[in-house]
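Undergrad: this is a predicted model, with the sequence first.
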Amino acid sequence: MSLMNYYKSESLKFKRSVFNKLVWISSLATIFIVFFLVGIQVFQPFGFYWWYSFILPGFIALSAMLSQQKEEKSGNYNLIISSAVDLKKVWLAKNLIIMRNIIIAHILIAVLISSEYLFAPNFIKYSFLHALGGSMIIALASIWQIPICLFACKYLGKFIVVFANLILALFVPVFVGKTAFWFLFPHCWIAKSVEPILGIAINGTSMENITFSLYAPVIAVVLSVVLFLVVNYLGAKKFAKQN
């Protein structure tokens, strides 16, 4: 079977499940929390900060956890391993399903954050296209987490993975993000990308004077894609060796 067939098969497993509902739950939760915490004046920048610092790491880790739980509870791993299927493609399909949900969630976040124009146009900082562009950069800078969380959830404690990803995403940028070696720490990549694009500082404050630059975003996105591909390759090989 082609990779697309494996992708469709994985997609069917999660139809009408909490796994897919996480896209809406996480996006809407971000907007409601931010609205009640800071109101409308800094709604847009703080909305993005809350999303990529708190909600997104949990969203990715929970998606990986639910993917593993789905297989374990249904006994599908034993069925998959004993069947004449390409385990490498099964692994890749699992990654692609989560990536799809990440992209959808970021489109939704861009729409919701841009919706401030409807009720508070005087406080608008980002147009829809600006918000969408920033969202896509955040999405691409985060995809490296997918195979790592999937791998860790399968071979380590699932809730430990969720907790660890949240803690690392929250504190690593604060302590390392302003150093010259930020690019060596994957959890810094999103925070460094949004500084020149969305004008959000490492600590989440809105920057008044922004010097637009693609230097940090390009580095972060390239590193994220490379790490995603490398870990996927290694993860697929490990997954295919199950017996």
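TA: Yep, that arrived.
Undergrad: make sure residue 212 is indeed in a helix.
TA: No - under DSSP: H, G, I helix; E, B strand; the rest coil, residue 212 sits outside any helix and is assigned coil.
Undergrad: and for it, the neighbour number?
TA: Neighbour count of residue 212, defined by other CB atoms under 10 Å: 7. The C-beta positions use only the backbone N, C-alpha and C, and glycine is treated the same way.
Undergrad: nearest spatial neighbour of it, chain-adjacent residues omitted?
TA: Using CB to CB, 6 or more residues apart in numbering and skipping residues adjacent in sequence, the residue nearest residue 212 is residue 196, 5.7 Å away.
Undergrad: pull out the CA atoms of the helix or strand that neighbour falls within and give them to me as CSV.
TA: Using DSSP states H and E, residue 196 maps to helix 189-198. Output of helix 189-198 as CSV, limited to C-alpha atoms (Å, rounded to 0.1, in the frame of the first residue of the first chain):
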residue,chain,number,x,y,z
TRP,A,189,13.0,27.8,18.0
ILE,A,190,9.4,29.0,18.2
ALA,A,191,10.1,31.9,20.6
LYS,A,192,13.0,33.1,18.5
SER,A,193,11.0,32.9,15.3
VAL,A,194,8.1,35.1,16.5
GLU,A,195,10.3,37.9,17.8
PRO,A,196,11.0,39.5,14.4
ILE,A,197,7.7,38.3,12.8
LEU,A,198,5.1,39.0,15.5
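Undergrad: which SSE is immediately downstream of that helix?
TA: Next helix or strand after helix 189-198 toward the C-terminus (DSSP H and E): helix 215-240.
Undergrad: so which elements touch that next one?
TA: The contact analysis (3 or more CB pairs under 8 Å, 6 or more residues apart in numbering; DSSP states H and E) places helix 215-240 against helix 87-114, helix 128-142, helix 145-155, helix 189-198.
Undergrad: give me the mean pLDDT for the second one.
TA: In this model, helix 128-142 has an average pLDDT of 96.
Undergrad: kindly report the same for the last one.
TA: Averaging the model's pLDDT scores along helix 189-198 yields 95.
Undergrad: tell me the gap between it and the middle of its chain.
TA: Relative to its parent chain, helix 189-198 has a centroid offset of 14 Å by CA atoms, centre = their mean, to the nearest Å.
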